[in-house]
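1. below are the sequence and a predicted model; questions follow.
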Amino acid sequence: MPEPKQPEKLIDEKGLRIDGRRLDQLRPIKLEVGILDKADGSAYIEQGKNKILAAVYGPREAHPKHIALPERAVIRCRYHMAPFSVDERKSPAPSRREMELSKVIRESLEPVVLTELYPRTMIDLFVEILQSDGGSRCAGITAASLALADAGIPMREIVAACAVGKIEGKLALDLSDAEDKYGEADLPVALVPNSSMITLLQMDGSLTPSEFERGLGMAVEACKAIHSMQREALKKKYHEIKEVVEEKEESEVIA
Amino acid sequence: MSHTPQLPPVAKLEQKTIVDMISRGKRIDERSPESYRPIQIQVGLIEKANGSAQVHLGKSKILVGVKVQTGEPFPDTPDEGVLTVNVELVPLASPSFEPGPPSEQAIELARVVDRGIRESKAIDVKSLVIQKGKKVQVVYVDVYVLDHDGNLIDASAMASLAALVNAKVSKMELKGDEVVAKPGHHSLPVNNYPIAVTFAKVDKTILVDPSLEEEQVMSARLTVTIDKNGSICAMQKGGLSGFSVEELKKAVGLAVQKAAENRAKVLAVAKG
């Protein structure tokens, strides 16, 4: 895979981006819940060219024992990129970036998990980036909170995440890889929708305070849209199970 | 792997006292919610470093050394010098710091300081090239935490900026295949002055410059780094809870004001 060249323009005369999106448009998102067999909960997300798996194990016995807390469950989180997920092969050893992202992803989800119900245990959360295309930490959070729900872990709400950036002086939703690389700012945000709480906020680049306020508003609206997709994805899994059970019952009645 | 940290034991009564005071608009060290602890800055303490600075923020103490050496550029940026920020949480600074490879806290701290310097383009990395694609100057910013009494981010960012402004380097040139130093010294090309402003949310109150006691009871933390033009160049939320949109807007406004005050203090000393 040769590294793609820098595009001449990130926005064309019609105001459309290199992939044909408007500035306020998300990339297509596909969500699936419960796709791994062994994990207690799992989810898969595709957002643009991002392909990300999230899995949850636990609550289970804390290991190593000394990390256990007497009044709550410990959440452990690992964000990891596959060596083939980016243009240049990435070493599988955890980088400083991955260690930081593991921390901020964990902190974006801690507020919604009812950890007080499972003292002295741990809940493991694995986010594996199979292919990366900009905004992978946000897509990872979106998938990870579905995996937590799929594992049946009591939660206050489901967390949704999305980034806003600045390209050629304009605020743009959900930056792709090229836009992130050649753009002027990136602002990843995670939202707990009903309590209107921001649980992930990072920024790099350059934004004026008023651009920040507008960008944050765009990100919050996008998180709400993603949140409704998450709900549909969760419902779909249980709808499918219901159909299977009903079919089985019907065939039993006939027999 | 990142896991929920174990907070150092603080007596429940002490925690309650701090939170109760803050919810009444008071702080345990009698500051207002919007004021910093006293800031003292000294530069040039380490003669063997190209630049150095020590910042005392209340009882927190940070020493930063800047070393500039000849090295190779990254393959994807052949026409840029290299900037790296590293943080050592020295075990003598706190009972919670252990020797060993950098902890998650040290990595986050280094990356937040790095992001402020890098994204504000404080160092003109293009001017650090000696021979394109082969030889560049590498700027190492090493942050040494000597005493941890809270808000290491702001103190480290100020000390790093002061040390960079303070740094004196030789101009390097290529003679045949060898890199040799030209006589004389000059300052590093510092074009922007990013200042980090950190907030802690305790109960429903937003405090600026949290002390260690306040960090131990905070629910969430926010750092906003402001450049010399009053634009935001880096942000980082930390902690086990979150912020409302209104709280974030208010914090950004306050950060612009506090950054200007602290920038003046840093530059007054560093530029001498």
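-> Arrived safely, thanks for sending. Fair warning: this is a prediction, and the values are worked out from it, not measured in the lab.

2. quick one: contacts for residue 112?
-> Let's take chain A. A:145, A:155-159, A:192, A:199 (CB atoms under 8 Å, 6 or more residues apart in numbering or on different chains). C-beta coordinates here come from the backbone N, C-alpha and C atoms, glycine included.

3. actually chain B
-> B:153, B:157, B:196, B:223, B:225, B:234, B:236.

4. residue 64: neighbouring residues, count only.
-> Let's take chain A. Number of residues near residue A:64 (other CB atoms under 10 Å in any protein chain shown) recorded here: 8.

5. can you look at chain B instead?
-> 31.

6. the host helix or strand of it pairs with which strands?
-> Assigned by DSSP states H and E, residue B:64 belongs to strand B:60-71. Taking DSSP bridges as the criterion, strand B:60-71 forms sheet pairs with strand B:51-57 (antiparallel), strand B:135-147 (antiparallel).

7. switch those strands over to TSV; also include mean pLDDT and distance to residue A:122.
-> As requested, those are exported to TSV (pLDDT from 0 to 100; distance: least, CB to CB, whole Å):
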stretch	mean pLDDT	distance to residue A:122
strand B:51-57	98	35
strand B:135-147	97	29
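
8. show me which of the contacts of residue A:112 are buried.
-> A:145, A:155, A:157-159, A:192, A:199 (16 or more other CB atoms under 10 Å in any protein chain shown).

9. returning to what we had before: mind listing what's buried along whichever helix or strand comes after the strand holding residue B:64?
-> Next in sequence after strand B:60-71, counting helices and strands by DSSP H and E, comes strand B:82-89. Using 16+ other CB under 10 Å as the burial criterion, the residues of strand B:82-89 that qualify are B:82-83, B:85-89.

10. how about those residues in a markdown table, adding pLDDT?
-> What follows is those, written out as a markdown table (pLDDT from 0 to 100):
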| residue | pLDDT |
| --- | --- |
| B:82 | 97 |
| B:83 | 97 |
| B:85 | 98 |
| B:86 | 97 |
| B:87 | 97 |
| B:88 | 97 |
| B:89 | 97 |
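
11. chain center to the strand holding residue B:64: distance?
-> Remark: strand B:60-71 is offset 12 Å from the chain centroid, using CA atoms, centre = their mean, to the nearest Å.

12. that one to strand B:82-89, inter-axis angle?
-> Orientation check (axes from the mean of the first three to the mean of the last three CA atoms, to 10 degrees): strand B:60-71 against strand B:82-89 gives 150 degrees.

13. may I have strand B:60-71 as PDB, with CA atoms only?
-> What follows is strand B:60-71, C-alpha atoms only, in PDB (Å, rounded to 0.1, in the frame of the first residue of the first chain):
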ATOM      1  CA  SER B  60       5.200  21.800  43.300                       C
ATOM      2  CA  LYS B  61       8.700  22.000  41.900                       C
ATOM      3  CA  ILE B  62       9.700  21.200  38.300                       C
ATOM      4  CA  LEU B  63      13.100  21.300  36.700                       C
ATOM      5  CA  VAL B  64      13.400  21.200  32.900                       C
ATOM      6  CA  GLY B  65      16.600  20.800  30.900                       C
ATOM      7  CA  VAL B  66      16.700  21.300  27.200                       C
ATOM      8  CA  LYS B  67      19.500  19.500  25.300                       C
ATOM      9  CA  VAL B  68      20.100  20.100  21.600                       C
ATOM     10  CA  GLN B  69      22.000  17.400  19.700                       C
ATOM     11  CA  THR B  70      22.600  16.400  16.100                       C
ATOM     12  CA  GLY B  71      20.500  13.500  14.900                       C
END
